[in-house]
Structures are given as C-alpha cells and as structure tokens.
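> Give me a model of this one.
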Amino acid sequence: MTLVLLYTVEVWGAIPKSTGKDFENVQKYILVKFLKVKETNDMPYCLTCVEAESLPIEIIVMEKVAKYMLKVQQHS
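Presented below is the predicted three-dimensional model:
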C-alpha cells in the first residue's frame with residue numbers, strides 16, 4: 001500500500017497536512033479492512049498503526065526523504 005501512495009515521495013518531498021490526513025485515512029482503512037486490525041471509534045490513528053505493527057505514513061515519508069537527501073549529499 002505505501003509503495004503506491006508514496007511513489008517518488010523522495011522527489012516531491014513533504015506531504016501537506018491536508019493531504020497527509022487523507023493518506024492517514026487510506027492507511028487506517030487498509031489496516032482495518034485487510035489486516036483485520038480491531039477498530040473502535042475512539043481509537044486514534046497512531047494506536048491503529050501500533051496494533052498493526054506499522055509505522056504511521058508520516059514517519060515513513062520522513063524516513064524516505066531523509067535517506068534520499070543523505071544519498072544525494074554523499075554523491076555531491
């Protein structure tokens with residue numbers, strides 16, 4: 001799922017807050033629907049990720065961008 005959502009994130013960089021919320025909703029939906037993570041209405045997004053043993057999508061983005069920046073810097 002993250003492969004499709006974050007395709008070339010290294011190039012387009014940080015996700016705007018409004019788009020980030022949409023990405024969180026997609027990730028949460030997939031975790032609940034396909035990975036059968038138990039969902040309650042009051043369960044925060046970050047706890048859904050913990051339950052699924054998945055990183056929040058914002059963390060994945062930051063990690064990918066940081067790795068890319070380091071790679072570019074090393075090759076400069």
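
> got the contact list for the lowest-mean-pLDDT helix or strand in the chain?
Taking mean pLDDT, DSSP states H and E as the measure, helix 2-5 is the helix or strand of the chain with the lowest mean score, a mean of 74. Identification of contacts with helix 2-5 by C-beta atoms under 8 Å, 6 or more residues apart in numbering yields 23, 26-27, 57, 60. Yep, even glycine has a C-beta here, placed from its N, CA and C like the rest.

> Kindly report the same for stretch 32-46.
Stretch 32-46 is contacted from outside by 24, 27-28, 31, 48, 51-52, 56, using C-beta under 8 Å, 6+ apart.

> The residues you listed in helices, which ones?
Assigned to helices by DSSP state H, the following of the contacts of stretch 32-46 qualify: 24, 27-28, 31, 48, 51.

> Buried among those? Make that a PyMOL selection.
The command below creates a PyMOL selection of those among the ones in helices among the contacts of stretch 32-46 that count as buried (16 or more other C-beta atoms under 10 Å):
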select buried, resi 24+27+28+31+48
